[in-house]
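*Asks:* got a sequence here, can you model it:
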Amino acid sequence: MAPLSKSTLLDLVQIVSDYAASDTEIVATVAYLINSGKVLLCGNFAGARIDLSVPTGAAPPSATTTSWTHFREASFRRRNGLRLEGRRA
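*Replies:* A predicted model of the protein is given here:
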């Protein structure tokens, strides 16, 4: 099966982030596209694969990470005219 597209990692992340609702969704989508061969990376990460396993001893997400994720989700919803759970967008 031939890859559908070639892209740099930065370009791929930027494109996916325009449509994803959270950072977690961005990571999962980018990893799927790369690891499945649907997108081939060029540039510095040419031929790379993404390992989503959690390293031993990894710290849990901090309050800052959670706040940033909420901010990105709210920003995405505002850009796309979506309502925020009972609040005006």
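*Asks:* so which elements touch the strand or helix carrying Ile15?
*Replies:* Per DSSP states H and E: Ile15 is located in helix 9-17. Here helix 9-17 touches helix 23-35, strand 39-41, going by 3 or more C-beta pairs under 8 Å, 6 or more residues apart in numbering; DSSP states H and E. (Glycine included, C-beta is placed from N, CA and C.)
*Asks:* and that helix with helix 23-35, angle?
*Replies:* Helix 9-17 runs at 130 degrees relative to helix 23-35, counting by axes from the mean of the first three to the mean of the last three C-alpha atoms, to 10 degrees.
*Asks:* contacts for helix 9-17 next, please.
*Replies:* Ser7, Ile26, Thr29, Val30, Leu33, Ile34, Val39, Leu41, Gly43, Asn44, Phe45, Ala48 (C-beta atoms under 8 Å, 6 or more residues apart in numbering).
*Asks:* tell me the mean pLDDT over that helix?
*Replies:* For helix 9-17, mean pLDDT is 93.
*Asks:* what of stretch 48-68?
*Replies:* 70.
*Asks:* for stretch 27-35, same thing?
*Replies:* For stretch 27-35, mean pLDDT rounds to 92.
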